[in-house]
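**Student:** just to be clear, the model below is a prediction. Sequence and coordinates:
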Amino acid sequence: MLNSKAKKGFTLIEVIISLCIFTLIFSGALYIMKNAVNLNEWNKTAKNGLDCLEGLKGIMISSMNYDDILDLCSSGRIYVAEENLNLDRIKAEDTKSIFTASKPEEGSYITINDSGGNVLTVEMDLYQKAGSLENEFSTKFYKGSYRRH
């Protein structure tokens, strides 16, 4: 009679297929984690930029007068570079010093534009860059040059 011996263990093909399946699942999980980290970085950068945009808007409304804003726009100093996009720098006594005339080549920045007249419409745009993502946020406010009678 033939003696059949029961084989125990896995064959080499079964082990290789198991490793391939594990590798695919693991690489999918790493891809998801990488995207989550990138999204978290984008959210932090966007939050900081939006906080600076709103902070600068508030300071311009409360502590800069009509002529200060006209002076900034007429002299071409309409850009705030990324290195100045932090609330401590924006809250400094001389807010006008953070504005430059040269457009930043890299990174995020804020621009201001005004429409002349007795009441200025000041539009502020934040161009946000984080990694490969780019976005634009806008806000506006009004500043008047008028006297109460």
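**Tutor:** Yep, that arrived. Numbering: from 1, shown residues only.
**Student:** dump the residue contacts of the most centrally placed residue in the chain.
**Tutor:** Taking Cα atoms, centre = their mean, the centroid of the chain lies closest to residue 46, which sits 3.3 Å from it. By Cβ atoms under 8 Å, 6 or more residues apart in numbering, residue 46 lies in contact with 128, 130, 135, 137. To be clear about C-beta, it is placed using only N, CA and C from the backbone, and glycine gets the same treatment.
**Student:** least trustworthy helix or strand in this structure by mean pLDDT?
**Tutor:** helix 87-90 (a mean of 76; mean pLDDT, DSSP states H and E).
**Student:** got JSON lines for the contacts of residue 46, with distance to residue 34 and pLDDT too?
**Tutor:** Formatted as JSON lines, those follow (distance: Cβ to Cβ, whole Å; pLDDT from 0 to 100):
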{"residue": "128", "distance to residue 34": "20", "pLDDT": "88"}
{"residue": "130", "distance to residue 34": "15", "pLDDT": "72"}
{"residue": "135", "distance to residue 34": "20", "pLDDT": "87"}
{"residue": "137", "distance to residue 34": "25", "pLDDT": "91"}
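**Student:** please name the nearest non-neighbouring residue to residue 113.
**Tutor:** In this structure, residue 113 finds its nearest non-sequential neighbour in residue 123, 4.8 Å apart by Cβ to Cβ, 6 or more residues apart in numbering.
**Student:** what comes up buried for the helix or strand containing that neighbour?
**Tutor:** Using DSSP states H and E, the element containing residue 123 is strand 119-130. For strand 119-130, burial by neighbour count (16 or more other Cβ atoms under 10 Å) applies to 120, 122, 124, 125, 126, 127, 128, 129, 130.
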